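> Got a sequence here, can you build the structure:
(one chain, ligands or ions: 1)
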Amino acid sequence: MFKYQAPQDLLKGKVILVTGAGGGIGRVAALTYARYGATLILLGRNTEKLEAVYDEIELNQWPQPAIYPLNLESAGDIDFINLAETIENEFGRLDGLLHNASLLGDLKPISQFPTETWMRIMQVNLNCAFMMTRELLPLLRLSEKASVIFTSSGVGHTGRAHWGAYSVSKFATEGLMQIIADEEDGISSVRANSINPGGTRTTMRASAFPGEDPQTLPTPEEIMPVYLYLMGNESQHINGQAFHAQKS
Ligand SMILES: NC(=O)c1ccc[n+]([C@@H]2O[C@H](COP(=O)([O-])OP(=O)(O)OC[C@H]3O[C@@H](n4cnc5c(N)ncnc54)[C@H](OP(=O)(O)O)[C@@H]3O)[C@@H](O)[C@H]2O)c1
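The predicted model follows:
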C-alpha cells in the first residue's frame, strides 16, 4: 500500500471537486478530503446519495460542502460551462479536481462489443473528463497550487481480454493526464497525475468479479493515503505521473 501520513490540516482552505462523490471510492475520497479541511463540491448523478454524503460532512462539522447533481452520460459543453460559472461565482477558484466517476459496462470481447455501450463508457469516463478539465482549467490556474487527479486502472496500463471500452477509456485517461501535465508545466500552478486504485471493495469491483469474496479486498478507506498525498501541497512538484494506490 502507498504510505503517507497526512497532517490534519493538509487541505485546509482548499476547494475540491470530486466526481462520482455519491458512492464507492468517490464518496470516501470526498469524506476524507473534508476531514482534512477541504470544502467539497460533490458532483454525481444521484442527488439522494450526494445528500447523504453532504449530511455526513455536516454531522462531523467539517467545512460546509456544495452539491452539484449532473448526469455525465448526457452532459455536454454547456453543462461544464455552467459548472465553471457556478464555481467561479461561489468560490472564485478551484484547488483540486478528482476525476473519479466511471462506468464499467459489460465485459465482452471486441467482436461482440455493442457500439452504444462503447459510446456511453467513452462519454462518462473520457469525454466528460476532457470537457470538464478544459472548462475548469482557468479556475484551477487561479489556485496557488492546483491538483488534478485522474482515476485509472490496471487495464489502463495493460489491455485485457473482454475489458473493451473501459480499458481503452483508461488508457486514454492516462494520455489526457500526460498531455495536461505537459501543457501546464512551467506556465501554471496546475499539476496532473493519475491513480490506479487497484482492486477495491466497491459495487464496480463486485460487478466485474462476481465470484470474488469482497472481504479479501481493501476498502476505499485503506487506499486513501495516495489520494491525500496527491491532493496536498507536499506533492506540488509531482506532475504527469501514474500512481498505484496499492503499491508501496
Ligand atoms: N473498485 C475497483 O476495484 C477499481 C479498480 C480500478 C479502478 N477503479 C476506478 O475507480 C473509480 C471509482 O470506482 P468505484 O469502484 O468506486 O465504482 P462505483 O462504486 O461504481 O462508483 C462509481 C461512481 O461513478 C458515478 N457515476 C457513474 N456513472 C455516472 C454518471 N453518468 N454521471 C455521474 N456519475 C456517475 C457513480 O454514481 P452512482 O453512485 O449514482 O452509481 C459512482 O458514484 C472509477 O474511475 C473506477 O474506474 C476502481
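
> what residues does this protein put near the ligand?
20, 22-26, 44-46, 49, 71-73, 100-103, 124, 151, 153, 197, 199-200, 202-205 (C-beta under 6 Å from any ligand atom). C-beta: built from backbone N, CA, C; applies to glycine.

> Now do the phi/psi pair for the closest residue to the ligand within the chain.
In the chain, the residue that lies nearest the ligand is Gly24 (2.2 Å; C-beta to the nearest ligand atom). Backbone geometry at Gly24, expressed as degrees, to the nearest 10, gives phi 60, psi -140.

> can you pull the contacts of it?
Gly24 is in contact with 200, 202-204, 220, counting by C-beta atoms under 8 Å, 6 or more residues apart in numbering.

> Swap in 7 Å and give it another go.
Taking C-beta atoms under 7 Å, 6 or more residues apart in numbering, we find Gly24 in contact with 202-204, 220.

> How about Tyr36?
6, 8, 10-11, 228.

> Taking those, tell me the two that lie furthest apart.
Gln8 and Leu228 (11.0 Å; C-beta to C-beta).

> Looking at those two now, which is surrounded by more residues?
Leu228 (22 against 9; other C-beta atoms under 10 Å).

> SS state for the more buried one?
Recorded secondary structure, Leu228: helix (DSSP: H, G, I helix; E, B strand; the rest coil).

> How about it: what's its closest non-neighbour residue?
Ala6 (4.3 Å; C-beta to C-beta, 6 or more residues apart in numbering).

> give the contact list for the closest residue to Ala38 other than its chain neighbours.
In space, and not counting its chain neighbours, Ala38 is closest to Leu11: 3.8 Å by C-beta to C-beta, 6+ apart. When contacts are counted by C-beta under 7 Å, 6+ apart, Leu11 touches 33, 36-38, 231-232.

> Leu142 - how many residues pack around it?
17.

> Over to the one 10 residues further on?
The number of residues packed around Ser152, counting by other C-beta under 10 Å, is 24.
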